[in-house]
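In: predicted model, plus sequence, below.
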Amino acid sequence: MPKPFVLRWGIISTGRIANCFVTDLLVDPETRNVTDVAHEVTAVGSRSVQSAENFIAEYAKGDKSIKAYGSYAGVFADPNVDAVYIATPHTLHYENALDAINAKKHVLCEKPVTSNTAELRSLLAAAKEHGVFFMEALWTRFQPLALEVKKISESGVLGVPLALQADLSVDCHLHSLPKTHRILDPALGGGALLDLGPYPLIWAILALYEHPANQGASPSNVSATMLKTPLTGVDRNTSFTVTFAERELAAQAILSCNINMTSCQPGVIIRYEQGTITIAAPIYCPKSFTVQYLEGSKVTKEETRRFEYVGNGWHFQADEVARCVRDGKSESSLWGHDKSLVEMNIFDEVRRQGNYKLPPGVEKVV
Ligand SMILES: NC(=O)C1=CN([C@@H]2O[C@H](COP(=O)(O)OP(=O)(O)OC[C@H]3O[C@@H](n4cnc5c(N)ncnc54)[C@H](OP(=O)(O)O)[C@@H]3O)[C@@H](O)[C@H]2O)C=CC1
Ligand SMILES: O=C1OC[C@@H](O)[C@H](O)[C@H]1O
């Protein structure tokens, strides 16, 4: 068997999601039947070298070959790093990703990719100029369950999609959080929309935006409302509808995200002309979905599919990055630049309608 292409990763920051991502990176790809690509962590950068060292000890089994840096710049300059994974709070993604791109590193950047569309456009231009791969880490889109939902959705067995409802809610226990926590701090892009909004939206993008009948059209309308927490003024409860009606498709997504309650089941309902697909919460990493075939309101058949693998689902996006880098691609065909742009355009509009302005100077490009 030919040797797998090995992507050498540098990790930026040592917080919660960086831990999760590295733990999954170190799962043997053969456990998910992947033999063409593999991953190696070669550097970890933190604001404190002690944190980087602790991170390597705890999450990378103390591997002495991994370099610990007390800055992010050290990782960007390291010749043994091919791709950088950025896991800092939302409003830092732009400057961290730009530094990585300027150092000619491929980039996988956590969601939401930037604070706004203008920052994203600036990053895409820089990635093009430096000839590097760039992708938002919308991990859900690469999970086997999502690939299967897309296949059924576009096979035509249920007809075309008409409507979609999706919610992601997490009880963040707001009153116990310090106001400087990234969920509450407006300077870090706090609130429900930027943190949780990508997940209901990813299902709308998969089922509606990507549907062949939509022919790649951007939404024709976005309507939104926000309730803010009096603690710091960030959005606590956000609802938005996204309409796709520019081409052959005429469908609406009703989406919501909340940071003061837990999710309900099912997390996503996609309604087609002749059936429904319901996806179990949590919608960022669902483990099952059910297809109901309908004749009128009568259910004629029902099938539930369940998914299991070693690890927690963050490794599928890493495999995609490795394949794209190996193949010299500038973007993924599963979650390409156009989809991040659709997302950020929608978020800009939702924040505009919800009158949620980030503090002056937080958005680096406007
Ligand atoms: N895909 C997914 O499932 C998830 C994605 N995320 C995304 O990942 C990003 C990080 O979230 P999460 O890991 O939960 O956050 P954490 O607060 O746990 O970690 C963020 C890390 O960023 C670094 N950092 C740099 N500057 C700052 C600053 N001013 N304030 C706080 N931290 C700073 C710190 O690392 P250091 O000190 O080492 O430099 C810190 O540990 C967010 O954008 C979020 O949307 C989050 C959770 C799940
Ligand atoms: O991406 C995420 O998914 C799970 C949430 O708990 C977390 O806050 C968010 O960043």
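Out: Now that the structure is in, tell me what you want to look at. Ligands and ions are numbered 1, 2, ... in the order given.
In: and the pLDDT at the nearest residue to residue 288 once chain neighbours are set aside?
Out: Spatially, and ignoring its direct neighbours in sequence, residue 288 is nearest to residue 306 (4.5 Å; Cβ to Cβ, 6 or more residues apart in numbering). Every C-beta, even on glycine, is put in place using the N, C-alpha and C of the backbone. Listed pLDDT for residue 306 reads 98.
In: got it, and the one 4 residues further on?
Out: According to the model's per-residue confidence, residue 310 sits at a pLDDT of 98.
In: residue contacts, it?
Out: 27, 28, 31, 32 (Cβ atoms under 8 Å, 6 or more residues apart in numbering).
In: likewise residue 313?
Out: 24, 139, 140, 143, 285 are the contacts of residue 313 under Cβ under 8 Å, 6+ apart.
In: got a PyMOL select line for the buried ones in these?
Out: With 16 or more other Cβ atoms under 10 Å as the criterion, this PyMOL line picks the buried residues out of these:
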select buried, resi 24+139+140+143+285
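In: from the contacts of residue 313, pick the one nearest residue 44.
Out: Within the contacts of residue 313, the smallest distance to residue 44 is 15.2 Å, found for residue 24 (Cβ to Cβ).
In: would you mark the buried spots in the host helix or strand of the closest one?
Out: According to DSSP states H and E, residue 24 maps onto helix 16-25. Within helix 16-25, the residues scored as buried using 16+ other Cβ under 10 Å are 17, 18, 20, 21, 22, 23, 24, 25.
In: circling back: how about the contacts of residue 313, which pair is most distant?
Out: 24 and 140 (13.6 Å).
In: related to what we said a few turns ago, look up how far residue 279 lies from the residue nearest to residue 288.
Out: To residue 279, residue 306 is 12 Å away according to Cβ to Cβ, to the nearest Å.
In: kindly report the same for residue 149.
Out: With Cβ to Cβ as the criterion, residue 149 and residue 279 are 7 Å apart.
In: re the thing from before, for the helix or strand that the helix holding residue 24 is followed by, which strands pair with it and how are they oriented?
Out: Next along the chain after helix 16-25, taking DSSP H and E as the criterion, comes strand 37-45. Under the criterion DSSP bridges, strand 37-45 sits next to strand 5-12 (parallel), strand 67-69 (parallel) in its sheet.
In: by how many degrees do strand 37-45 and helix 16-25 diverge?
Out: Strand 37-45 runs at 150 degrees relative to helix 16-25, counting by axes from the mean of the first three to the mean of the last three Cα atoms, to 10 degrees.
In: which parts of the helix or strand that strand 37-45 is followed by are buried?
Out: Next helix or strand after strand 37-45 toward the C-terminus (DSSP H and E): helix 49-59. Using 16+ other Cβ under 10 Å as the test for burial, helix 49-59 gives 51, 52, 53, 55, 56, 59.
In: any chance of CSV for those, columns pLDDT?
Out: Shown next, in CSV, are the buried residues of helix 49-59 (pLDDT from 0 to 100):
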residue, pLDDT
51, 98
52, 98
53, 97
55, 97
56, 96
59, 84
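In: closest to residue 177 among the residues you listed?
Out: residue 51 (20.7 Å).
In: out of the contacts of residue 313, list just those in helices.
Out: residue 24 (DSSP state H).
In: save the contacts of residue 313 as JSON lines, and put in distance to residue 235 and pLDDT too.
Out: Output for the contacts of residue 313, formatted as JSON lines (distance: Cβ to Cβ, whole Å; pLDDT from 0 to 100):
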{"residue": "24", "distance to residue 235": "30", "pLDDT": "98"}
{"residue": "139", "distance to residue 235": "23", "pLDDT": "98"}
{"residue": "140", "distance to residue 235": "21", "pLDDT": "99"}
{"residue": "143", "distance to residue 235": "27", "pLDDT": "98"}
{"residue": "285", "distance to residue 235": "23", "pLDDT": "98"}
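In: format the CA atom coordinates belonging to the helix or strand harbouring residue 147 as PDB.
Out: Using DSSP H and E, residue 147 sits in helix 144-155. The C-alpha trace of helix 144-155 is given here as PDB (Å, rounded to 0.1, in the frame of the first residue of the first chain):
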ATOM      1  CA  PRO A 144     -20.000  10.900   7.500                       C
ATOM      2  CA  LEU A 145     -23.500  11.700   8.700                       C
ATOM      3  CA  ALA A 146     -23.600  15.000   6.800                       C
ATOM      4  CA  LEU A 147     -22.200  13.400   3.700                       C
ATOM      5  CA  GLU A 148     -25.000  10.900   3.800                       C
ATOM      6  CA  VAL A 149     -27.800  13.500   4.500                       C
ATOM      7  CA  LYS A 150     -26.500  15.400   1.500                       C
ATOM      8  CA  LYS A 151     -26.600  12.300  -0.700                       C
ATOM      9  CA  ILE A 152     -30.200  11.600   0.200                       C
ATOM     10  CA  SER A 153     -31.200  15.200   0.000                       C
ATOM     11  CA  GLU A 154     -29.900  15.500  -3.600                       C
ATOM     12  CA  SER A 155     -31.000  12.100  -4.800                       C
END
